[in-house]
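Trainee: Here is my input; please provide its structure:
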Amino acid sequence: MKQNVIVFLIPLSVMILLFAFGFYTINQTPVITNEELESHVLLDLEAEAVNEGVEIDLTWRWTDVPEDNIVGNDFMEIIVYTEEMTPIQEVDWETGKLTLTQSGNPIYDTEDKVLTESGVAFTFPSKVEEEAIFGASGNITMFLQELDQSAAHVGVRYYHTWFDTPFDLAAGDDISAVIDDYGEAYWMIQRTIPLP
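Mentor: Numbers count the residues shown, from 1 in each chain. Just a heads-up that it's a prediction; the model follows:
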């Protein structure tokens, strides 16, 4: 009879230990907020000379998802700079497409963009809808032709917001000034690379 009790207690104790270890591991997983998301974003910008212009390829991906609300609009502003890092206004921004992805599959795309004070910006949703997380990963492709001789760098500014008040940009807007009017629930990441 004692042997039957041991056969029963050993698997039971292993199950209890596995449950306790799993519970402890789940509770120790760090969570981030929208404010902390800034350090959990991979942002890659590439430029390649093609024919009579430059092809811009921008990709981004969150490595973690914030625990607080994912809500609001995000913005990707693309800027062409001189060697002195002064924005060039005379750029042909005609072509360009933004695509949001999840698990490599497109879930949203747009060619709509607005000229800003420094360059051109794409607006896209940052939200959770059913099982899709909009804004967590995506890419922008653009073809810039006949760039000014003074063009030396291309840069991107990624603005992530998390406030409920939706708003649109108007032509010539300074994005950070417009966002500041709505509150301080945002951050901006910037990358700049030399043009080929």
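Trainee: which SSE is Asn31 in?
Mentor: Rather than Asn, residue 31 is Val. When elements are defined using DSSP states H and E, Val31 is found to belong to no helix and no strand.
Trainee: now it, nearest residue through space, not along the chain?
Mentor: Distances taken as CB to CB, 6 or more residues apart in numbering put Glu67 closest to Val31, at 4.3 Å, once the chain neighbours are dropped. Any C-beta I mention is one placed from the backbone N, CA and C, and that applies to glycine too.
Trainee: Please tell me how far that neighbour sits from Asp181.
Mentor: Spatial separation of Glu67 from Asp181 under the definition CB to CB, to the nearest Å is 27 Å.
Trainee: Can you mark which positions in stretch 61-69 are buried?
Mentor: Applying a neighbour-count criterion of 16 or more other CB atoms under 10 Å, one finds Trp62, Pro66 buried in stretch 61-69.
Trainee: which residues touch that stretch?
Mentor: Stretch 61-69 is touched from outside by 31-34, 36-37, 40-42, 133, 136-137, 162, with contacts defined as CB atoms under 8 Å, 6 or more residues apart in numbering.
Trainee: same thing with stretch 45-52?
Mentor: The set of residues external to stretch 45-52 that reach it, using CB under 8 Å, 6+ apart, is 54-58, 143, 145-146, 154-156, 191-196.
Trainee: Among those, which lie within strands?
Mentor: 54-58, 143, 145, 154-156, 191-194 (DSSP state E).
Trainee: And the residue minimising distance to the centre of the chain, which helix or strand is it part of?
Mentor: Ranked by distance to the mean C-alpha position of the chain (CA atoms, centre = their mean), the top residue is Trp60 at 4.9 Å. Assigned by DSSP H and E, Trp60 falls within strand 53-62.
Trainee: need the next SSE after that strand, C-terminal direction.
Mentor: Beyond strand 53-62 in the direction of the C-terminus, DSSP H and E gives the next helix or strand as strand 73-81.
Trainee: Which secondary structure elements does that next one sit against?
Mentor: In this structure, strand 73-81 packs against strand 53-62, strand 120-125, strand 137-145, strand 153-161, with contacts taken as 3 or more CB pairs under 8 Å, 6 or more residues apart in numbering; DSSP states H and E.
Trainee: So what angle separates the directions of it and strand 120-125?
Mentor: Direction vectors for strand 73-81 and strand 120-125, defined by axes from the mean of the first three to the mean of the last three CA atoms, to 10 degrees, enclose an angle of 160 degrees.
Trainee: buried set for strand 73-81?
Mentor: So, applying 16+ other CB under 10 Å, buried residues of strand 73-81: Asn73, Asp74, Phe75, Met76, Glu77, Ile78, Ile79, Val80, Tyr81.
Trainee: will you turn those into CSV that also has pLDDT?
Mentor: Listed next are the buried residues of strand 73-81 as CSV, based on pLDDT from 0 to 100:
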residue, pLDDT
Asn73, 90
Asp74, 94
Phe75, 95
Met76, 97
Glu77, 97
Ile78, 97
Ile79, 97
Val80, 97
Tyr81, 97
